[in-house]
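Participant: based on what follows, work out the 3D shape:
(one chain, ligands or ions: 2)
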Amino acid sequence: MNNVAEALIIAGSDSGGGAGVQADIKTMQACGVYSTNVIVAITAQNTLGVQDSLNIPVSLINAQFSSIFADFNIKAAKTGMLADRVSLTCVVENIIKFKINRLVVDPVMVAKGGAKLLNDDAIVTLKKQLLPLALITTPNLPEAQVIVGHKISNQNDIMQAAKKIQAMGSKNVIIKGGHDDKKRVRDFVLLENQKQFFLESERIETNRTHGTGDTLSSAITSALAKGHSVEEAIRFGRKVVTKTIEFGIIVGHGHGPLNHWAAEEFRDEI
Ligand SMILES: Nc1ncnc2c1ncn2[C@@H]1O[C@H](COP(=O)(O)OP(=O)(O)OP(=O)(O)O)[C@@H](O)[C@H]1O
Ligand SMILES: Cc1ncc(CO)c(N)n1
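Facilitator: Numbering: from 1, shown residues only. Ligands and ions are numbered 1, 2, ... in the order given. Got it, this is the predicted structure:
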């Protein structure tokens, strides 16, 4: 018998299997972590876009949390698509109720094809109630702009925005640079102890980037679940997402999914 680290994914389902809960499960599986799931919304989605979606009633969100915490020993959790203010508030209440403290918040707002995954009415609650519970928050550039409420145009703006997000209560912050138009991809990291650095690599020329943010945050959560430090977890997550983009697979006709099998090579590093 083997012991295995148990983690929780709180997110939406992507029927196309490339992003959302499916990307999270695949990533955690590759990282050697057992994943449980609270499904907050179901999307009819593929690599071309989101065709439809349904929010899960709060009673069933509550029931999923209760089932999971009645049985599993959750070491870390992540949030992804939270749909609207009602679902987000319900998730916040459960995070508090079940004392989840190794929490990664991926503040998912818009899918790669442009579909909204979080209603505007939820932004204030996200900032005031969810961010203060986060050990790490991982906005991409557009999400960081919405959270701080202004445009981020240069390196100094990125660093200031991370400070503002930290002041909202997230202990550690990563502002992801996937949406930038530069030749190199730069993610800015601001840690709780004020250490800050960029994680930088060549931009991989591909449109097969569906689920990059989910994969990064799930790999980070996996490392946290196995007891690693925040900085180790972030560096590990970055390595995993790069590999899964680099060794792409040919699936779908739009923004293709990542190759989560490629992440297995790092499993024993955490
Ligand atoms: N073309 C690329 N080449 C290399 N790394 C990339 C590329 N695109 C994204 N990344 C990396 O992937 C991670 C996720 O970044 P990104 O900004 O794309 O997140 P996201 O918009 O939240 O993703 P999604 O919404 O599709 O889940 C970051 O670590 C980023 O640096
Ligand atoms: C369900 C879902 N969650 C997150 C994302 C963002 O990648 C997506 N496209 N779909």
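
Participant: can you list the residues of the stretch 151-270 of the chain near ligand 2?
Facilitator: 211, 213, 214 (CB under 6 Å from any ligand atom). Placement of C-beta: from N, CA and C, glycine included.

Participant: can you tell me how far the first one sits from ligand 1?
Facilitator: If I follow you right, that is residue 211. 5 Å (CB to the nearest ligand atom, to the nearest Å).

Participant: which residues in the stretch 51-200 of the chain form strands?
Facilitator: 74-79, 103-105, 136-137, 172-175, 184-190, 196-202 (DSSP state E, counting those that start in this stretch).

Participant: a markdown table for those, including mean pLDDT?
Facilitator: Shown next, in a markdown table, are these (pLDDT from 0 to 100):
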| stretch | mean pLDDT |
| --- | --- |
| strand 74-79 | 98 |
| strand 103-105 | 98 |
| strand 136-137 | 98 |
| strand 172-175 | 98 |
| strand 184-190 | 96 |
| strand 196-202 | 95 |
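
Participant: pick the most buried one from these.
Facilitator: Highest mean neighbour count among those (mean count of other CB atoms under 10 Å): strand 136-137, with a mean of 29.

Participant: chain neighbours aside, what residue packs nearest to residue 198?
Facilitator: Distances taken as CB to CB, 6 or more residues apart in numbering place residue 186 nearest to residue 198, at 4.8 Å, with adjacent residues excluded.

Participant: got a list of what the one you found touches?
Facilitator: By CB atoms under 8 Å, 6 or more residues apart in numbering, the residues touching residue 186 are 177, 180, 198, 199, 200.

Participant: could you double-check that the third one sits in contact with residue 184?
Facilitator: In other words, residue 198. No: with contact defined as CB atoms under 8 Å, residue 198 does not reach residue 184; the gap is 9.4 Å.

Participant: chain center to stretch 169-178, what's the gap?
Facilitator: 11 Å (CA atoms, centre = their mean, to the nearest Å).

Participant: go on, stretch 14-29?
Facilitator: On the basis of CA atoms, centre = their mean, stretch 14-29 sits 11 Å off its chain's mean C-alpha point.
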